[in-house]
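> structure, please.
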Amino acid sequence: MQIFYFSLALVLLLNLVAGMWRVVSGPTAADRMLAVQLLGTSSVAILLILAHATGNPALADVALVFALLSAVTTVAFVRPAWRIKEGKNDSH
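Prediction:
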């Protein structure tokens, strides 16, 4: 069963490579941000799979920290864009 978990982690690592290509070549900032979200989600999945496969619960804790950092990064990216959009809608 561990071979299955490690091969699944390898597939997710290949997913990370594809996501890094989108971060580098993404035409817009939104595309790059979505690719970074993909990287965060994939890294959390890899860490959870490896935690289960190796029996190391510390990897699950690291995965939770990555999930929180991913959410905070998204909010930090969206807030300035939201403020600009609100400023354009005010026509006083």
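> low-confidence ranges, the chain, go.
81-82, 84-92 (pLDDT under 70).
> how about a cut-off of 90?
Scanning the chain for pLDDT under 90 picks out 1-2, 15-16, 18-19, 22-23, 25-38, 40, 70-92.
> all helices of it, in order?
Residue ranges of the helices in the chain, as given by DSSP state H, are 2-25, 29-54, 57-89.
> work out which residue lies at the spatial centre of the protein.
Per Cα atoms, centre = their mean, the C-alpha nearest to the average position across the chain is that of residue 40, at 1.8 Å.
> now the closest residue in space to that one that isn't next to it in sequence: how far from residue 1?
Counting by Cβ to Cβ, 6 or more residues apart in numbering, residue 40 lies nearest to residue 70, which is 3.3 Å off, once chain neighbours are set aside. Placement of C-beta: from N, CA and C, glycine included. When distance is defined by Cβ to Cβ, to the nearest Å, residue 70 is 28 Å away from residue 1.
> so for the two, which sits in the more crowded spot?
Using other Cβ atoms under 10 Å as the criterion, residue 70 and residue 1 rank with residue 70 on top: 17 against 7.
> pretty sure that one contacts residue 38?
No. Using Cβ atoms under 8 Å as the test, residue 70 is too far from residue 38 to be in contact (9.9 Å).
> count of neighbours near residue 36?
Residue 36 has 19 nearby residues by other Cβ under 10 Å.
> pretty sure it is in contact with residue 73, am I right?
Yes. Using Cβ under 8 Å, residue 36 is in contact with residue 73, at 6.8 Å.
> give me the common contacts of the two.
Residues touching both residue 36 and residue 73 (Cβ atoms under 8 Å, 6 or more residues apart in numbering): none.
> show me what contacts residue 49?
Residue 49 touches 5, 8, 9, 12, counting by Cβ under 8 Å, 6+ apart.
> what distance do you get for it to residue 55?
Taken as Cβ to Cβ, the span from residue 49 to residue 55 is 12 Å.
> that older thread, most tightly surrounded among the helices of the chain?
Mean neighbour count (mean count of other Cβ atoms under 10 Å) peaks for helix 29-54 among the helices of the chain, with a mean of 17.
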